[in-house]
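Enquirer: Model the following, please.
(chains A and B)
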Amino acid sequence: MNEKLTPHPLEDVIRRSYDVPEIRPEFVSALSVDLMQSANRQIAKNTNKNFSLRLGLGFAAIALLLTIFFTQAPAGQALAESIGRFFKVSSVTEIPISNPKEAVAPTYAPTFSVTLVPVAIAPLTETPFPTLQGFTLASSRACEAEPFGYTCQLALAEKKVGYDLKELPEDPTDYRFEKVFVQGNNDVQISYERIAGGSYLYFLQGQGSEFASTGTGVPEDSIQSVMVGDNPGEFVAGVYAAAPGQTTFKWNPDSQYSLRWADEGRWFEIDVHGCVGREDLCNAEGLIEVALSLVDQPVSVEGLLADHLTSIAEGEQISGLSLMEPAILPEGFVFSYATYDADLKEIRLNYHPAGYDPGVAQISFWQSRLQNPVGTLNEYTGDTVEINGKPGKYSSIDSFTHTIVWQSGDLEIRMVVTSSKLWYGGTFTREQVLKIARSVE
Amino acid sequence: MAESSIPLTHHPLRIEPDEAQLITAARHDLRNFDALYKHHVTAVFRYLYSRTGNVLDSEDITAQTFLIALETFNRFRGDGHFRAWLFGIARNKVVDLYRTRKTELPLDDAINTPTGEDPLLSAIRLEQKAVVAAIIAALTDEEQELLRLRYLGEMSYREIANLLQSNEDAVKKTTYRLLARIQSQLEDPNE
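Expert: From the prediction side, this is the model:
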């Protein structure tokens, strides 16, 4: 309300005259659960809808030019497809683009100047999550501690589908768990994203022999028969894609890698989009290795993961440093993750715009114990600037890339701002970069 | 986009989020809608109870209201009138209920005795409540709705004006006049 309700006896009597009972806490909690589930369904739906948009930056050179043909044939087009063993087989080599609006071509994001705001939204993600009936104590505790964490989300999915899901033993190296979707027919998709952005890994499974209908048919000669342990399977590298201005999607034999197989009345699929830093996942052998590693119960990871610290507190714990955080960030930016380099004894805090791949724009703060208070800054080139009374060095390549180094207390701090002109478009001015640096406390 | 005019402040990391922040957070991740829900659910329920006089119906419509709000949240324009938008949904659902049952739902006239209160004071309060309830029941539908939105929905004049597609000043004046009339009738029941 924009104005306070004036405490007035008559207004109070009017309020009380309706005799409205107190809202029941159990109703509020139950509706909260319903809303959360509905939100998850919405997100899953939107994510599936946007599946084709999640092009890995690893093939940015290609993605710059390509639109991926992903889901159903455009209206009115009957693709000549037949049911293969695991993949649908398409007999066409080109698919006409009937409605260019349906095909989202990656183009340059509109350029804009970022807006700086005080950091304030992050605590909202700590939404309390009610304990659910039918859960094990461990699952309930996991949901209380981390409602959108892997353990809780898997438990929710298993409760919903009614069968024990196969799982990766742990997050793949360089990747982190993202989400679990339960789709129609109780198919389940577990999504992972590369921690630093640019690539995605999707593990799908379901009961019976009907594979989830993600993707259209693939050319017969793109299918490679493989064995996943004792079970036959198929591997496909490629995707139908079109460059801007083209009127057809053509088969592009890379960018996307899929393995499908069946085992004991269940089907499985692993898809990798983009191969940044993990080229080993982008061939049949790599995906088979992942498939053979599947377990019923994941490895319990104890301790902190140096390449994926999920909070400032974890960063302080692992580094022993009293870390400094920015109090001002561009609008929409949130803490993403931190990493720790034990050899250099250096921590890196990363912030990126929520809702974007972490690779599209990032502000990173490297912090380490100051070794040489006098001479360190001389190692850097750039303009001498002042940060909270201390000298620093600032340099910039363009409005999308800035670096600033300074000392604060017993720490040396390096702040690097990178923004993708193609994928994000946000530009930073020198003054904005300095303001962010001066807000670090 | 020009740089924000929001003042840059220090140590703002743990401020209480306002509604704009809640909306921004929900836009970033729909699961943050829960915070918006918690922020508004009591007012919505209280308003709906005043319309239906029934806890189960009120809960049912409250649930429908928030589920619809969540599902259509991407259509909310974010012009600062989230509560007005929310109550628009709630009011439509009440109309649906009336239409389904084809009956006028009475204002609940059950008045409970507050516990732990001086019996004489309690009796005075009860009588006062009953009189006010009777006065309100005699108002026009539009006037009753205005009071419900203002005092149970906890809406600002601007939000009410936005919901009713009226003018903020007009809403404010109408409310003041209503209060004056009720006050006057309380002081002189024969008026």
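Enquirer: Tell me the helix or strand right after the one helix or strand B:Ile135 maps to.
Expert: B:Ile135 is located in helix B:119-137, with elements delineated by DSSP states H and E. Counting by DSSP H and E, the next helix or strand C-terminal to helix B:119-137 is helix B:141-147.
Enquirer: residue closest to the middle of chain B?
Expert: B:Gly153 (1.2 Å; Cα atoms, centre = their mean).
Enquirer: Am I right that that residue is in contact with B:Phe87?
Expert: Yes - contact criterion Cβ atoms under 8 Å: B:Gly153 and B:Phe87 qualify, at 5.8 Å. For every residue, glycine as well, the C-beta is placed using N, CA and C.
Enquirer: gap between the two ends of stretch A:344-357?
Expert: Across its full length, stretch A:344-357 reaches 27 Å between end residues, using Cα to Cα, to the nearest Å.
Enquirer: cool, and stretch A:18-29?
Expert: Stretch A:18-29 end-to-end distance (Cα to Cα) = 24 Å.
Enquirer: again, but for stretch A:197-210
Expert: Stretch A:197-210 has its terminal residues 31 Å apart, counting by Cα to Cα.
Enquirer: Pull the number of nearby residues for residue 19.
Expert: Looking at chain A here, since you left the chain open. Neighbour count of A:Asp19, defined by other Cβ atoms under 10 Å in any protein chain shown: 17.
Enquirer: sorry, should have said chain B
Expert: 15.
Enquirer: how close does it get to A:Met36?
Expert: 20 Å (Cβ to Cβ, to the nearest Å).
Enquirer: again with B:Leu164
Expert: From B:Leu164 to A:Met36 the distance is 32 Å (Cβ to Cβ).
Enquirer: pretty sure B:Leu149 is in contact with B:Phe87, am I right?
Expert: Yes - contact criterion Cβ under 8 Å: B:Leu149 and B:Phe87 qualify, at 6.7 Å.
Enquirer: show me the contacts for the closest residue to the residue nearest to the centre of chain B other than its chain neighbours.
Expert: Among residues not flanking B:Gly153 along the chain, B:Tyr47 sits closest, at 4.1 Å (Cβ to Cβ, 6 or more residues apart in numbering or on different chains). When contacts are counted by Cβ atoms under 8 Å, 6 or more residues apart in numbering or on different chains, B:Tyr47 touches B:Phe87, B:Ala90, B:Arg148, B:Leu149, B:Leu152, B:Gly153.
Enquirer: doesn't the first one fall inside a helix?
Expert: What it means is B:Phe87. Yes - assigned with DSSP: H, G, I helix; E, B strand; the rest coil, B:Phe87 falls within a helix.
Enquirer: Contact partners for it?
Expert: Neighbour list for B:Phe87: B:Val44, B:Tyr47, B:Leu149, B:Gly153, B:Met155, B:Glu159, B:Leu163 [criterion: Cβ under 8 Å, 6+ apart].
Enquirer: Assumed A:Trp366 was part of a strand.
Expert: Yes - counting by three-state DSSP, A:Trp366 is found in a strand.
Enquirer: Would you quantify the distance from it to A:Ser322?
Expert: 15 Å.
Enquirer: Between the two, tell me which one has more neighbours.
Expert: Set side by side, A:Trp366 and A:Ser322 show more neighbours around A:Trp366, with 18 against 10, by other Cβ under 10 Å.
Enquirer: quick one: pLDDT of the residue nearest to the more buried one when sequence neighbours are not counted?
Expert: Spatially, and ignoring its direct neighbours in sequence, A:Trp366 is nearest to A:Arg414 (4.2 Å; Cβ to Cβ, 6+ apart). The confidence metric pLDDT takes the value 90 at A:Arg414.
Enquirer: any residues touching the helix or strand encompassing A:Arg414, and which ones?
Expert: In this assignment (DSSP H and E), A:Arg414 forms part of strand A:411-419. Strand A:411-419 is contacted by residues A:114, A:321, A:324, A:360-371, A:376, A:400-407, A:425-428, A:433, A:436-437, A:440 when judged by Cβ under 8 Å, 6+ apart.
Enquirer: The residues you listed in helices, which ones?
Expert: Those of those mapping onto helices are A:Val433, A:Ile436, A:Ala437, per DSSP state H.
Enquirer: Among these, which one lies nearest to chain B?
Expert: Set against chain B, the nearest of the ones in helices among the contacts of strand A:411-419 by Cβ to the nearest Cβ is A:Ile436 (9.7 Å).
Enquirer: so who does that closest one touch?
Expert: A:Leu116, A:Pro326, A:Ile328, A:Leu329, A:Pro330, A:Ile363, A:Met415, A:Val417 are the contacts of A:Ile436 under Cβ under 8 Å, 6+ apart.
Enquirer: And what about the residue nearest the centre of chain A, helix, strand or coil?
Expert: By Cα atoms, centre = their mean, chain A has its centre lying nearest to A:Glu193, at 5.0 Å. Following three-state DSSP, the label given to A:Glu193 is strand.
Enquirer: just the one 4 residues further on next, same as before
Expert: Following three-state DSSP, the label given to A:Gly197 is coil.
Enquirer: Now do the phi/psi pair for it.
Expert: A:Gly197 adopts backbone torsions of phi 90, psi 170, taken as degrees, to the nearest 10.
Enquirer: Now do the same for residue 125: its pLDDT.
Expert: Let's take chain A. So, for A:Thr125, pLDDT stands at 42.
Enquirer: let's do chain B instead
Expert: 61.
Enquirer: buried residues in the strand or helix carrying B:Lys38?
Expert: Assigned by DSSP H and E, B:Lys38 belongs to helix B:33-52. The neighbour-count check on helix B:33-52 (16 or more other Cβ atoms under 10 Å in any protein chain shown) flags B:33-37, B:40-52 as buried.
Enquirer: Please export the C-alpha coordinates of it as PDB.
Expert: Only the C-alpha atoms of helix B:33-52 are listed here, as PDB (Å, rounded to 0.1, in the frame of the first residue of the first chain):
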ATOM      1  CA  PHE B  33       6.700 -16.400  -6.500                       C
ATOM      2  CA  ASP B  34       6.300 -18.100  -3.100                       C
ATOM      3  CA  ALA B  35       7.500 -14.900  -1.400                       C
ATOM      4  CA  LEU B  36       4.900 -12.800  -3.200                       C
ATOM      5  CA  TYR B  37       2.300 -15.400  -2.300                       C
ATOM      6  CA  LYS B  38       3.200 -15.200   1.400                       C
ATOM      7  CA  HIS B  39       3.200 -11.400   1.200                       C
ATOM      8  CA  HIS B  40      -0.400 -11.300  -0.100                       C
ATOM      9  CA  VAL B  41      -2.200 -14.500   0.900                       C
ATOM     10  CA  THR B  42      -3.700 -13.200   4.200                       C
ATOM     11  CA  ALA B  43      -5.300 -10.100   2.600                       C
ATOM     12  CA  VAL B  44      -6.700 -12.100  -0.300                       C
ATOM     13  CA  PHE B  45      -8.200 -14.700   2.100                       C
ATOM     14  CA  ARG B  46      -9.700 -12.100   4.300                       C
ATOM     15  CA  TYR B  47     -11.200 -10.300   1.400                       C
ATOM     16  CA  LEU B  48     -12.600 -13.600   0.000                       C
ATOM     17  CA  TYR B  49     -14.000 -14.600   3.300                       C
ATOM     18  CA  SER B  50     -15.900 -11.300   3.500                       C
ATOM     19  CA  ARG B  51     -17.400 -12.100   0.100                       C
ATOM     20  CA  THR B  52     -18.300 -15.800   0.700                       C
END
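Enquirer: Following element in sequence after it, please.
Expert: With secondary structure assigned by DSSP H and E, helix B:33-52 is succeeded by helix B:55-71.
Enquirer: ok and that following helix relative to helix B:33-52, angle-wise?
Expert: Helix B:55-71 and helix B:33-52 are oriented at 140 degrees to each other (axes from the mean of the first three to the mean of the last three Cα atoms, to 10 degrees).
Enquirer: Can helix B:55-71 be said to contact chain A?
Expert: Yes - on the criterion Cβ under 8 Å from any Cβ of the partner chain, helix B:55-71 is in touch with chain A at B:Val55, B:Glu59, B:Thr62, B:Ala63, B:Phe66, B:Leu67, B:Leu70, B:Glu71.
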